[in-house]
Each structure stands twice: as structure tokens, then as C-alpha cells.
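Colleague: 3D model of this:
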Amino acid sequence: MVRFLWLILICLLIIVCVETVYYYNLSHQENTFSQFKIIQQNTTDTEGRTVIYQSNLAHSFSGYKGENYVVAFFDHFEPVPNSNDSYIVLKRGDKKETIKYRLLSQRTEIKSWYVMTKLGWESLDLIKQGQVDNASGPLGTYSQLKTKINLLFKKNDVVIVLSNTPPPKEEVLKDENQVPVALWLIVRRNTGKQQINL
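Modeller: Numbering: from 1, shown residues only. Predicted coordinates:
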């Protein structure tokens, strides 16, 4: 009888340990996913185009600025004189100050770097789920999408701009007018590429 009681006690301890580990992992997982908070969004936006979010997840485009990116609001495009390139004009978070980036339509050499502007997408749903590595991807080059660019950008859409060259240098390249060059423009949607019809 004593052995039977010991056996029951050991089984109960195992069950308690398993339950404790399960609930600990569950609460830790919820904390990871809850590190996403919308800090700004247009009230009529149902696609996630105007969302600014805060997140502690590494490699997400959180807030208005990071080490190698800027998050701002689309205002308009300007042609670059005597070029097939364009400037994208963006407004910062307060929407008072504008910033401008050059969009390169062909491979161009600047400071020994051969660069051109590429476009990409970001999925808010995947960021919320903590899947940062799968939450963004390419759409194509600026020259490939130039004729469809008005389908991608509406006034006040959030645009993520990456203008730094890869490590170890990580420098911002500028054109002959000292305007920074956008290496990547990323648009934001709730489900990412699935919402982009080009």
C-alpha cells in the first residue's frame, strides 16, 4: 500500500511539473506576441497602410526611426531633372518636416557602390505573431514597378526607407545634389504582399 501511495505521489509531481512548464511557456509566448502596439493609425485605414507601431522584437521596423531605417509618411514624387529617376518626398511623424530621397531607376555607381532602388512589403500580421524573419520581402526594382507606383503609394501611407549600405561601412549614399539615395522602399500592409495588387 505504501508503494502504491508513493507511485501516486510521483505521478502527481510529474503532472504538476508538466503543467507548470506548459503554462510558463504559454505565458512567455503571449508576452512575446504582445510586444506589438499601434501608436498611430489613420481612423479610416483598414489595410494597415498608415500604421506606426512600437515593438521590442529585433529586426522589426518599430517607431519612426531605427539604426538603419526611417519610417515616414508619403507625400508625393518629384521628377529628377535630366534623369529617369525620381525623388520621393516624405513627411516625418509630426507631418511638418519633409525629407526627400532619390529613387534610382538603374544601377548607379556612388562611392564605389553599385546600387539601385528596390521596393518591398511588410506584413503587420506576421509582426504581431512574432514572425519577424518572414514579415517582409521584395516586390521588385523601382524601374520594374515605376509605371505601377501609384498603386503602391497613397498620400499619408507609411513608407520605410533603408538608405544605409551593408555592414561593415553602413554609410548613407547621396546623389550629386546631396540628397540621400533610397536603397529600399518598403510599404506596410496588414497581410503584406497578399494585399498588394500590381
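Colleague: state the pLDDT value of Ser34.
Modeller: What the model reports as pLDDT for Ser34 is 47.
Colleague: quick one: the spatially most central residue of the chain from Val172, how far?
Modeller: In the chain, the C-alpha nearest the mean C-alpha coordinate belongs to Phe61, at 4.2 Å (Cα atoms, centre = their mean). For Phe61, the distance to Val172 equals 17 Å [Cβ to Cβ, to the nearest Å]. Quick note: C-beta positions are derived from backbone N, CA and C, even for glycine.
Colleague: isn't Ile99 up against Val70?
Modeller: Yes - using Cβ atoms under 8 Å, Ile99 is in contact with Val70, at 7.2 Å.
Colleague: for the protein, what are the low-confidence residue spans?
Modeller: Scanning the chain for pLDDT under 70 picks out 1-2, 4-9, 11-13, 16-34.
Colleague: in terms of residue numbering, what are the domains of this protein?
Modeller: Using automatic domain parsing, the domain parsing of the chain gives 1-34, 38-195.
Colleague: now do the helices in this structure.
Modeller: In the chain, the helices defined using DSSP state H lie at 2-33, 124-128, 142-145, 149-152.
Colleague: off-centre distance for the third one?
Modeller: Distance of helix 142-145 from its chain centroid, counting by Cα atoms, centre = their mean, to the nearest Å, is 20 Å.
Colleague: pull the longest strand from this structure.
Modeller: Identified as the longest strand of the chain according to DSSP state E is strand 70-79.
Colleague: from what I see, the residue nearest to the centre of the chain and Trp184 are in contact.
Modeller: No - with contact defined as Cβ under 8 Å, Phe61 does not reach Trp184; the gap is 10.6 Å.
Colleague: give the intersection of the neighbour lists for these two.
Modeller: Common neighbours of Phe61 and Trp184, counting by Cβ atoms under 8 Å, 6 or more residues apart in numbering, are Ile160.
Colleague: separation between Leu185 and Val179?
Modeller: 14 Å.
Colleague: and the two? Which one has more around it.
Modeller: Each of Leu185 and Val179 has its neighbours counted (other Cβ atoms under 10 Å); Leu185 has more, 25 against 14.
Colleague: endpoint to endpoint, stretch 142-158 covers what distance?
Modeller: Length of stretch 142-158, first residue to last, Cα to Cα, to the nearest Å: 17 Å.
Colleague: likewise for stretch 93-109?
Modeller: For stretch 93-109, the end-to-end distance is 32 Å (Cα to Cα).
Colleague: residues in contact with that stretch?
Modeller: The contact list for stretch 93-109 (Cβ under 8 Å, 6+ apart) reads 40, 52, 64, 70, 72-73, 75, 77-78, 80, 83-92, 114-117, 142-143, 146, 161, 163, 175, 179-182, 185.
Colleague: one step back: burial-wise, tell me which of the domains of the chain comes out on top.
Modeller: Among the domains of the chain, domain 38-195 has the highest mean neighbour count (mean count of other Cβ atoms under 10 Å), at a mean of 16.
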